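# Take a look and give me a structure for this.
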Amino acid sequence: MIQSITSVHAKMIAALLLTFQLLSGCAQQLQPQKTDSAAPQTEAVQIQASDSDAPATRAVSEAQEVTAPSVPDKIETVTPAAETASEAQTETALSVPDENEAEAAAEAQTETEASVSGESEAEAAGAERQDGFEWETDDPENCNLSSETINGLNDRFARTEITSSVIVKDGVIVNEYYKDGYDAESTFPIHSCSKSITSAILGIALDEGLIADPDEPITAYFPELSRSDSAWKKEITIRHLLTHTSGLRSTEDRWYEWRAASDWLEDVLDGPIYYKPGTVFDYSTGNTHLLSAIVQKAAGETLYEYGKARLFDRIGMESIRCGTDAQGISDGGNGFTLTARDMARFGLLYLNRGKWEGEQIVSEDWIDESTTTQFDNTNRADYGYQWWVRSFGGHPACFAQGHGCQFIFVVPDLDLVVTFTSNYHDNSRAGDYWQYVTEIVEHAGRS
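Next comes the predicted model:
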């Protein structure tokens, strides 16, 4: 019996030893698995952190727009490294600063936040969504436009840095071009095209009586100017800001310096004034930023929030976002991002003289004044209220233009709207786009 017990004990001891060996082997296998899983996680966190601070503006995904709507509105510069980003980043928006700003927005805009209000706030402010409108498409010939011309242009677009183009004729989309990696959901920073949107919002504020008159002195909104030693500064009106004839020092030839300033308004208002207001055209995003601040002071909410309720939601511009300065003032001169189709919506609104689906969104008078020459700038094109004015192929037109060749062209007598977004770093190719539009109108007829 003692032998039996001993045998049992020996078997138990052997089993325990085997179990111990098995457990030791499992522990050794588990250790490297923990290391492997942690490494990519750490790497991913590092990549995310780097992306959020990188000097490249991106169109955010739908998920990002819900969780962090401020990200797409940072206006930053695309570096050569950013241009060679992986195919996974094909939703990257064009990051080129505005007009003569060179490529300077990156460092100064890293603290920019989007002023995006919630849907409930917009609805509380009286927004009414016009969901009845949906884009229709048709063949160019059915709208008196040459398919041969359009197809030839698309082939040429593919050899350029054009990332999108939408052509609307007689109220329908007859051509929609996107470079590989972009589509109808992609959003793009439109840079100085933002100025034309700001003009529309300010026109609505005038229509509603929040702003008295375009000839109102801006001392009503910036009383500190009343204490200025400069008599000229006291003469500046809203109209002078709209036409870039304020005489104030321009922000365009010192873009980095201005965007790096802690207070953009203070920088503009406290700076020198070089010309008597109303006498010299001197393009400046600073003028438009003052307009944005005036709307905010008059409406009690940011330009973006006010525009969302009275304009964007009412015509279905769902993709539009806007950055702000450090004080929370909408970057109305440079900060809007949106899809190519929403650019076309805005152009169509102006084509229809401010009317959308039977409702007057912006008054006809304001549309007409904005797109009529207010200052003869014979060097390239004339200027209205934050809109450029010239003819193409003998057809009067107005257009919004942003740095890096972003455009919204409106040709009323042909019922034509043409938009472009591009990934250039300057405006040296702007003449090419004027030629594209000229070719389109020369092969177009009115239905």
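# going forward, measure contacts and count neighbours with C-alpha atoms only.
Noted.
# my guess is residue 413 contacts residue 395, does it?
Yes. Using Cα atoms under 8 Å, residue 413 makes contact with residue 395 at a distance of 7.1 Å.
# give the contact list for residue 199.
242, 370, 385, 386 (Cα atoms under 8 Å, 6 or more residues apart in numbering).
# Apologies, that question was intended for residue 149.
439, 440, 443 are the contacts of residue 149 under Cα under 8 Å, 6+ apart.
# of the residues you listed, closest to residue 173?
Residue 173 has its nearest neighbour among those in residue 440, at 14.0 Å by Cα to Cα.
# just checking, that closest one touches residue 151?
No. At 11.1 Å, residue 440 does not count as touching residue 151 under the criterion of Cα under 8 Å.
# Those two: who's more crowded?
Remark: of residue 440 and residue 151, residue 440 carries more neighbours, 21 against 12, as counted by other Cα atoms under 10 Å.
# what about that one, which SS state?
helix (DSSP: H, G, I helix; E, B strand; the rest coil).
# quick revisit: as a markdown table, the contacts of residue 149 with distance to residue 399 and pLDDT would be great.
Formatted as a markdown table, the contacts of residue 149 follow (distance: Cα to Cα, whole Å; pLDDT from 0 to 100):
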| residue | distance to residue 399 | pLDDT |
| --- | --- | --- |
| 439 | 16 | 96 |
| 440 | 15 | 96 |
| 443 | 19 | 89 |
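# Need the residues you listed in a markdown table (columns: distance to residue 351).
What follows is those, written out as a markdown table (distance: Cα to Cα, whole Å):
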| residue | distance to residue 351 |
| --- | --- |
| 439 | 20 |
| 440 | 17 |
| 443 | 19 |
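# and stretch 405-414, what's its mean pLDDT?
Mean per-residue pLDDT for stretch 405-414: 98.
# Flag every buried residue along that stretch.
405, 406, 407, 408, 409, 410, 411, 412, 414 (16 or more other Cα atoms under 10 Å).
# Same question for stretch 142-151.
For stretch 142-151, by 16+ other Cα under 10 Å, it's 143, 144, 145, 146, 147, 149, 150.
# before we move on, what about stretch 228-238?
So, applying 16+ other Cα under 10 Å, buried residues of stretch 228-238: 232, 233, 234, 235, 236, 237, 238.
# Do I have it right that the fourth one meets residue 217?
So that's residue 235. Yes. In this structure residue 235 lies within contact range of residue 217 using Cα under 8 Å: 6.4 Å.
# For residue 178, which non-adjacent residue is closest in space?
Once flanking residues are discounted, residue 178 sits nearest to residue 164: 4.4 Å by Cα to Cα, 6 or more residues apart in numbering.
# Could you look up the SS state of that neighbour?
From three-state DSSP, the assignment for residue 164 is strand.
# One more: the one 3 residues further on?
Here residue 167 takes the strand state, with states given by three-state DSSP.
# ok, it to residue 143 distance?
11 Å (Cα to Cα, to the nearest Å).
# between those two, what contacts are shared?
Common neighbours of residue 167 and residue 143 (Cα under 8 Å, 6+ apart) are residue 174.
# show me where the chain has strands.
162-169, 172-178, 187-189, 321-322, 336-339, 355-356, 359-360, 382-383, 388-392, 395-402, 406-411, 416-422 (DSSP state E).
# can you list the domains in the protein?
Domain segmentation of the chain under automatic domain parsing yields 62-108, 141-442.
# Kindly reformat these as CSV containing distance to residue 134.
Shown next, in CSV, are these (distance: least, Cα to Cα, whole Å):
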stretch, distance to residue 134
domain 62-108, 20
domain 141-442, 9
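# Determine which of those domains shows the lowest mean per-residue pLDDT.
domain 62-108 (a mean of 32).
# how many other residues sit next to the nearest residue to residue 268 once chain neighbours are set aside?
The spatially closest residue to residue 268, leaving aside those adjacent along the chain, is residue 286, at 6.3 Å (Cα to Cα, 6+ apart). Neighbourhood size, residue 286 [other Cα under 10 Å]: 27.
# doesn't residue 251 make contact with residue 286?
Yes. The pair residue 286 and residue 251 passes the contact test of Cα under 8 Å, sitting 5.8 Å apart.
# list the residues that contact both of those two?
Taking Cα under 8 Å, 6+ apart as the contact rule, residue 286 and residue 251 both touch residue 268.
# residues in contact with residue 133?
315, 316, 357.
# try 10 Å
315, 316, 356, 357 (Cα atoms under 10 Å, 6 or more residues apart in numbering).
# same check, this time on residue 348
Contacts of residue 348 by Cα under 10 Å, 6+ apart are 168-172, 342, 354-356, 408-412, 415-418.
# Isn't residue 303 up against residue 203?
No. The pair residue 303 / residue 203 is not scored as a contact, 11.8 Å apart, by Cα atoms under 10 Å.
# higher neighbour count, these two?
residue 303 (28 against 25).
# Quick check: that one vs residue 309, distance?
Taken as Cα to Cα, the span from residue 303 to residue 309 is 10 Å.
# buried set for stretch 275-290?
Here stretch 275-290 shows 275-278, 280-290 as buried, counting by 16+ other Cα under 10 Å.
# now, among those, which is nearest to residue 331?
Lowest distance from residue 331 to the buried residues of stretch 275-290 (Cα to Cα) belongs to residue 289, with 6.4 Å.
# In contact with that closest one, which residues?
Contacts of residue 289 by Cα under 10 Å, 6+ apart are 195, 198, 241, 264-265, 268, 295, 324-325, 329-334.
# Let's have the buried residues of stretch 142-151 in a markdown table, adding distance to residue 430.
Output for these, formatted as a markdown table (distance: Cα to Cα, whole Å):
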| residue | distance to residue 430 |
| --- | --- |
| 143 | 27 |
| 144 | 26 |
| 145 | 23 |
| 146 | 23 |
| 147 | 24 |
| 149 | 20 |
| 150 | 19 |
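# Report the two of those separated the most.
143 and 149 (13.3 Å).
# Between the two, which contacts overlap?
What both residue 143 and residue 149 touch, as defined by Cα under 10 Å, 6+ apart, is the set residue 444.
# For the nearest residue in space to residue 437 that is not next to it in sequence, which residues are in contact?
Distance criterion Cα to Cα, 6+ apart; nearest residue to residue 437, sequence neighbours excluded, is residue 392 at 6.9 Å. Residue 392 makes contacts with 398, 411, 434, 435, 436, 437, 438, 439, 440, 441, 442, as judged by Cα under 10 Å, 6+ apart.
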